[in-house]
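Asker: everything below, folded, please.
(chains A and B)
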There are 2 protein chains.
Amino acid sequence: MKEPLRIGIAGLGTVGAGLVKLLTENDELIAARCGRRIEVVAVAARDHKKDRGFSPSRFVWFKDPVELAQSADIQVFVELIGGTEVAGQAVEAALQSGKHVVTANKALIAARGADLAALAEKWGLSLNFEAAAAGGIPIVKALREGLAGNDITRVVGILNGTCNYILTQMEETGRSFAEVLSEAQALGYAEADPTLDVGGGDTAHKLALLASLAFGTVPDMDGVYTQGIERISPIDIGFAREFGHRIKLLGIASMTPAGLEARVHPAMVPLGTPLADVMGVLNGVLTESGAAGQSVFEGRGAGGGPTASAVASDLIDIARGTRIAPFGVPSSALKTPRRANLGERQGTFYLRFDVLDKSGVLATIAKCLADMKVSIESMIQRGRAPDEKVGIVIITHDAREADVIAAIKAIEAAGAVVEPPCMIRMERL
Amino acid sequence: MKEPLRIGIAGLGTVGAGLVKLLTENDELIAARCGRRIEVVAVAARDHKKDRGFSPSRFVWFKDPVELAQSADIQVFVELIGGTEVAGQAVEAALQSGKHVVTANKALIAARGADLAALAEKWGLSLNFEAAAAGGIPIVKALREGLAGNDITRVVGILNGTCNYILTQMEETGRSFAEVLSEAQALGYAEADPTLDVGGGDTAHKLALLASLAFGTVPDMDGVYTQGIERISPIDIGFAREFGHRIKLLGIASMTPAGLEARVHPAMVPLGTPLADVMGVLNGVLTESGAAGQSVFEGRGAGGGPTASAVASDLIDIARGTRIAPFGVPSSALKTPRRANLGERQGTFYLRFDVLDKSGVLATIAKCLADMKVSIESMIQRGRAPDEKVGIVIITHDAREADVIAAIKAIEAAGAVVEPPCMIRMERL
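Answerer: Numbers count the residues shown, from 1 in each chain, chains lettered A, B, ... in the order given. All right, here's what the predicted structure looks like:
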């Protein structure tokens, strides 16, 4: 058997501790699969004394992740710190000093992936980030290797377990976003500051990575249109169901004739299609490829176990000697994507207007839509007492997104509504 | 750019022709992903003149696949002939003469996988078979690499598109197995001799491979209990629905304390679980792993495009220099699995008895079950006119499989039934 692969882990939170546990428990199994052991020789973490379920004396300890990254003791640097600043310095230092890198850091790869990949390639090193997208689902490998014979045209994912949990709970209990979020925070399913999750930023990071892998483009976080789930109400979840749909926070990347279309927003997904059935904290990814057609991947996206599983698979690739350019093509071949103008996108839309039930309001709404050539596929108006607030819900035929938005603005400007209108894109899958 | 990877393809049916098309269309894309071109330089097929949508003069033609396998012109031999005899000789000849091998041949790998892997490893060659399991789903790669950090405990798959199509059509139209099969044959979804598909043999081949990859065991076709879908009736499909289930032909491999349990049979799958929603010709695979938990993969399992996609990914691995033991561990480390005795398995069962509606029959059935300590969770008896055939449907509590089978035999022996009883295993997912 070859000599062990010596690794150093920076960051011993849930994932780092989960990784140590996994590598310890499956030591023999992994050695058989790699032809060599994977040995954690050093770690970097702030608190030496915290109980993590294993003896700290097994490892050389570093306070400074950059120092660990440069240590001659290790061959692979595992970055589980998060954030882009220190983590970025440490990853760069590791590559500069000849260490392979495995990272779970979606923000770092989304922001600096192409440069770091170039550095890795320059020195013939691996920069693996399976854990950055959807932990228990080997989707990075599927895009970079499993579907590599295909012209991939679209990637659609439910990539944030917190959002999917919240939407699932809202549907099952009929409670509001705020109520369910508080409960999720109490249960530890949502962070104290949930912005990155519920605002869609985390999904956007992951989508930027997946789009790069699928289309051979430089990760382009700034090009991802991002809208969160904060304004989704139980009313819309109910109407979605009436129209045979379910609301999901999707990350969608398509290569279109107009350029790369990358968007994160709540979307109505037809019931009976695979992503509609991905419930709770689970993640799901759908890919569309020329030859393979639609493939769907589903599993646990976050948490210690699934993320550690993804990091371990990256380490096993390194131990086995697999070397593939981080984004599947050499970083020098990554194209800067032309961004498609979302306003030009054709799609169908769910619109809800809260209006006072008085004569002329529906006529105003209909006229504003007609003026922008947005035609109505179906409409529901729930009757209430006269002069009370009433909801008008419309599903459009295929329309240009910019026209729909202009029509909504005109309806607001005409004073026809008592609350800001709600617009949710419908997604064909 | 490195020199092209020169490949030879034996067998130019749907998959072979699809592969030539895919490699031609995505030539540039694949070259960018591999750092080199993949070039088809030679082919072996019986009929030189048949129109396959490309000019035959592009390639060196061989009549004999073994000759192609040994040709000095190629570095990779792609085996798409099928069957075990000639294909086996050709694959062996290719490995003996220093060629990497890519094959879509599940029967060959199930029968001789360990020996062929040993031969490939001896010469440092690849023997890749992604296309042997479920074309558009990169499940071989997922088990061998993506989940390689995990102790994998169970693999459950819908692995035969023909069977899944037939069961889906039976449910949707209420027609019999025989009717739907004829229609599927007319549409080209089923072979003229459908035995290998509907009898479960094809699923068993694939399951034998997946079990090897998951558990590091020698492929053990003879150890796979195999039962087909020929006896499934619309009546059972209807009852399944009443009990919140759907009937699927599953391949199930679990590593249990009693040994490897590998079985292919129609099973009732709870509605709302991912495999229940895999409809039509699609395939689906569910894996259970220590760290990653449940992962689900869904996509097109067969046909020219998906299978060619899988073959292409294997070729790209070779072109990129990825070398992993065919079964994930060295063939010398593959364990011969101890076979679990299925009779000892605990599970719940759906039982249907066609009886004459006369007094004492239900008592006999109940007594025979009770004698074997099989207890009843729920029962449906549909009333008809006296002295007419009536169906009694029973769902058992957890019971030992051998006890259930013994009870059924006793019920038959007691003359309580007018048709052979129907037993369908229920699967927890």
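Asker: state the distance from the nearest residue to A:Cys422 once chain neighbours are set aside to chain B.
Answerer: In space, and not counting its chain neighbours, A:Cys422 is closest to A:Arg352: 4.2 Å by C-beta to C-beta, 6 or more residues apart in numbering or on different chains. All C-beta atoms are positioned from the backbone trio N, CA, C, and that covers glycine. Using C-beta to the nearest C-beta, to the nearest Å, A:Arg352 is found at 29 Å from chain B.
Asker: can you check A:Asp151 too?
Answerer: Taking C-beta to the nearest C-beta, one finds A:Asp151 at 6 Å from chain B.
Asker: what do you get for A:Asp27?
Answerer: 11 Å.
Asker: kindly report the same for A:Glu171.
Answerer: 14 Å.
Asker: what number of residues lie near the nearest residue to that residue once chain neighbours are set aside?
Answerer: Counting by C-beta to C-beta, 6+ apart, A:Ile237 is the residue found nearest to A:Glu171 once chain neighbours are left out, at 5.1 Å. For A:Ile237, the neighbour count with other C-beta atoms under 10 Å in any protein chain shown is 21.
Asker: restricting to C-alpha, output the helix or strand where the residue nearest to A:Cys422 lies in PDB.
Answerer: Assigned by DSSP states H and E, A:Arg352 belongs to strand A:346-356. Taking C-alpha atoms only, strand A:346-356 is exported to PDB below (Å, rounded to 0.1, in the frame of the first residue of the first chain):
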ATOM      1  CA  GLN A 346     -40.500  34.900 -22.200                       C
ATOM      2  CA  GLY A 347     -42.400  33.000 -19.500                       C
ATOM      3  CA  THR A 348     -45.700  32.700 -17.700                       C
ATOM      4  CA  PHE A 349     -46.400  34.600 -14.500                       C
ATOM      5  CA  TYR A 350     -48.600  34.400 -11.400                       C
ATOM      6  CA  LEU A 351     -49.800  37.800 -10.400                       C
ATOM      7  CA  ARG A 352     -51.800  38.700  -7.300                       C
ATOM      8  CA  PHE A 353     -53.400  42.100  -6.700                       C
ATOM      9  CA  ASP A 354     -55.000  43.100  -3.400                       C
ATOM     10  CA  VAL A 355     -57.700  45.600  -4.400                       C
ATOM     11  CA  LEU A 356     -60.800  47.200  -2.900                       C
END
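Asker: where does the stretch 51-200 of chain A dip in pLDDT?
Answerer: Confidence mapping of the stretch 51-200 of chain A against pLDDT under 70 gives zero matching residues.
Asker: so which bits of it are right by chain B?
Answerer: Listed as neighbours of chain B in the stretch 51-200 of chain A under the rule C-beta under 8 Å from any C-beta of the partner chain: A:130, A:135-138, A:141-142, A:145-151.
Asker: which of those fall in helices?
Answerer: A:Lys141 (DSSP state H).
Asker: ok, and the most crowded of the residues of the stretch 51-200 of chain A next to chain B?
Answerer: Busiest of those [other C-beta under 10 Å] is A:Gly146, holding 34 neighbours.
Asker: residue ranges of the helices in the stretch 101-250 of chain A, please?
Answerer: A:106-122, A:139-141, A:161-173, A:177-186, A:195-198, A:201-215, A:234-242 (DSSP state H, counting those that start in this stretch).
Asker: the ones you listed into CSV, with extra columns for distance to B:Gly280?
Answerer: Output for the helices of the stretch 101-250 of chain A, formatted as CSV (distance: least, C-beta to C-beta, whole Å):
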stretch, distance to B:Gly280
helix A:106-122, 35
helix A:139-141, 24
helix A:161-173, 26
helix A:177-186, 35
helix A:195-198, 35
helix A:201-215, 25
helix A:234-242, 25
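Asker: what parts of the stretch 251-400 of chain A come near chain B?
Answerer: A:272, A:274, A:277, A:289-300, A:305-306, A:308-313, A:315-317, A:320-324, A:328-330, A:333.
Asker: out of the residues you listed, which are buried?
Answerer: A:274, A:277, A:289-300, A:305-306, A:308-313, A:315-317, A:320, A:322-324, A:328-330 (16 or more other C-beta atoms under 10 Å in any protein chain shown).
Asker: bridging residues for the residue nearest to A:Cys422?
Answerer: Judged by DSSP bridges, the bridge partners of A:Arg352 are A:Val393, A:Cys422.
Asker: just to revisit the earlier point, of all the residues of the stretch 51-200 of chain A next to chain B, which comes closest to B:Arg345?
Answerer: The closest of those to B:Arg345 turns out to be A:Gly136 (C-beta to C-beta; 27.4 Å).
Asker: the helices of the stretch 101-250 of chain A: which one's closest to A:Arg345?
Answerer: The closest of these to A:Arg345 is helix A:201-215. By C-beta to C-beta, the value is 15.8 Å.
Asker: same for that closest one, what does it pack against?
Answerer: Packed against helix A:201-215, as judged by 3 or more C-beta pairs under 8 Å, 6 or more residues apart in numbering or on different chains; DSSP states H and E, are the following elements: helix A:106-122, helix A:139-141, strand A:152-158, strand A:225-226, strand A:245-256, strand A:259-270.
Asker: buried residues of the fifth one, list them for me.
Answerer: Spelled out, that is strand A:245-256. By 16+ other C-beta under 10 Å, the buried positions in strand A:245-256 come out as A:245-255.
Asker: can you redo those as JSON lines with pLDDT?
Answerer: Shown next, in JSON lines, are these (pLDDT from 0 to 100):
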{"residue": "A:His245", "pLDDT": "97"}
{"residue": "A:Arg246", "pLDDT": "98"}
{"residue": "A:Ile247", "pLDDT": "98"}
{"residue": "A:Lys248", "pLDDT": "98"}
{"residue": "A:Leu249", "pLDDT": "98"}
{"residue": "A:Leu250", "pLDDT": "98"}
{"residue": "A:Gly251", "pLDDT": "98"}
{"residue": "A:Ile252", "pLDDT": "98"}
{"residue": "A:Ala253", "pLDDT": "98"}
{"residue": "A:Ser254", "pLDDT": "98"}
{"residue": "A:Met255", "pLDDT": "96"}
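Asker: wait, which of those is closest to chain B?
Answerer: The closest of the buried residues of strand A:245-256 to chain B turns out to be A:Met255 (C-beta to the nearest C-beta; 11.7 Å).
Asker: now for the closest residue to the closest one other than its chain neighbours: which residues touch it?
Answerer: Residue nearest to A:Met255 in three dimensions, not counting chain neighbours: A:Phe215, with 5.1 Å by C-beta to C-beta, 6+ apart. A:Phe215 is in contact with A:152, A:253, A:255, A:260, A:335, A:337, counting by C-beta atoms under 8 Å, 6 or more residues apart in numbering or on different chains.
Asker: cool, thanks, signing off.
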